[in-house]
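Asker: Sequence and predicted structure are below.
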Amino acid sequence: MLDYESDAIVQLMNVTEDDWTERELKDALQRAIMLELSTIPPYATALWSITDPDNGKPVRHTIREIVFDEMSHFGLVCNMLTSIGGDVVLTDPLTVPKYPGRLPGGVNPDLDVFLSGLSRESAGLFSDIEKPEHPLAFAADGNTIGAFYQRIASVFPRFAHLLTGQRQVTFPLGSGHGAGNDIVAMNTVDDVLNAIHVIQTQGEGTDASPDNPFPGAPGELAHYYAFKEIAVGRKFVLDPRTQKFDFIGPDVPLPDTSPVARVPRGGWANSPGNEPDETTAGLLRTFNQDYSAMLGALQHAWGADGAGSIGGAISLMRELRLTAQQINAVKLPADPRFSYGPEWLFLP
């Protein structure tokens, strides 16, 4: 039962560690894959709304690096699942993300994850997704997503004998996007625990520091703090008076963006007055077809008869960016202050 909108992660966290079986571990890893995948559409939609194409500009660079981090996390967890004999499921309509809506598995059920252009509000949403203290909490007991990964790390050594190193996909993201970002094979339990440590600390930082300990550049913040800087509009620095970090540093201005409105549930056809014309509908359909093909390529890469390569999926991601930018240039008929945005709808 891989329903994206179920509370399966909450249920898994309510099962004691000693009672986890191979089935629970495989289920948890599939849920983690769905969780990692769910962050990419909202982050990428915001990134692609930025009109300045210079990837070196501060805010664009920050969000772009986080998107690559999430892709790396996704790949690492896929390798964990297939190495113990599990199957990565991405093209079942039940497993794909739904926007606006909750995060998968029932984490933080009060958080409404939406697709829109970059704004202080959307950056605030992203920081809530990544926040280590409470917002990414399980409804019953306040456990965080970091705690979910920690549960997987605690349980995994009991199932180390299942690791085969088979159906692994590797890709050298680290050289361009920072230490720890390579998608590497999961041959041993140490490989698994090291990968979980990367996933946890890139998103949340550590207890001692807000820095990403596996950065692309010195001083790169963990995802929560990086997004919060954009949301608040101030850099996160050490206050010399209190010796505590706070958002009191220099201003963080928003870059110029296309004014992408929130995408309605099920797509723009469900927005009265904003039903797309034939040309816009064609662009939206092309995007959705390429997105669906990308999910299929990823599932095939980790499949029993798969290619073991994500090159095709990466090419499709580039096509998604180009089509999204064309969609972003089209004004909404009912309110031309805003523009269309990509729908990220899976077409079975």
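Answerer: That came in fine, so what should we check first?
Asker: Break down this structure into its helices, ranges please.
Answerer: In order along the chain, the chain carries the following helices (DSSP state H): 8-13, 22-48, 58-83, 120-130, 145-155, 174-177, 189-204, 223-232, 278-301, 311-328.
Asker: Now those in CSV, please, with extra columns for mean neighbour count, mean pLDDT and distance to Gly266.
Answerer: For glycine as for every other residue, the C-beta is placed from the backbone atoms N, C-alpha and C. What follows is the helices of the chain, written out as CSV (neighbours: other CB atoms under 10 Å; pLDDT from 0 to 100; distance: least, CB to CB, whole Å):
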stretch, mean neighbour count, mean pLDDT, distance to Gly266
helix 8-13, 20, 90, 23
helix 22-48, 22, 97, 14
helix 58-83, 23, 96, 24
helix 120-130, 20, 94, 20
helix 145-155, 19, 88, 27
helix 174-177, 14, 82, 33
helix 189-204, 21, 92, 29
helix 223-232, 24, 94, 27
helix 278-301, 18, 97, 12
helix 311-328, 17, 96, 16
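Asker: would you turn those into JSON lines with distance to Gln168?
Answerer: Below are the helices of the chain laid out as JSON lines (distance: least, CB to CB, whole Å):
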{"stretch": "helix 8-13", "distance to Gln168": "24"}
{"stretch": "helix 22-48", "distance to Gln168": "14"}
{"stretch": "helix 58-83", "distance to Gln168": "5"}
{"stretch": "helix 120-130", "distance to Gln168": "27"}
{"stretch": "helix 145-155", "distance to Gln168": "18"}
{"stretch": "helix 174-177", "distance to Gln168": "16"}
{"stretch": "helix 189-204", "distance to Gln168": "10"}
{"stretch": "helix 223-232", "distance to Gln168": "25"}
{"stretch": "helix 278-301", "distance to Gln168": "10"}
{"stretch": "helix 311-328", "distance to Gln168": "15"}
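Asker: Out of the ones you listed, the one nearest Pro259 is which?
Answerer: Shortest separation from Pro259 across those is recorded for helix 311-328, at 8.7 Å, computed as CB to CB.
Asker: which residues are in contact with that closest one?
Answerer: Counting by CB atoms under 8 Å, 6 or more residues apart in numbering, the neighbours of helix 311-328 from elsewhere in the structure are 44-45, 48-49, 117, 258, 260, 280, 283-284, 286-287, 290-291, 293-294, 297-298, 301, 339-342.
Asker: at 7 Å instead, please
Answerer: Taking contacts as CB atoms under 7 Å, 6 or more residues apart in numbering, the residues outside helix 311-328 that touch it are 48-49, 258, 260, 283-284, 286-287, 290-291, 293-294, 297-298, 301, 339-342.
Asker: Return the distance of it from the chain's centre.
Answerer: For helix 311-328, the distance from its own C-alpha centre to the chain's C-alpha centre is 16 Å (CA atoms, centre = their mean, to the nearest Å).
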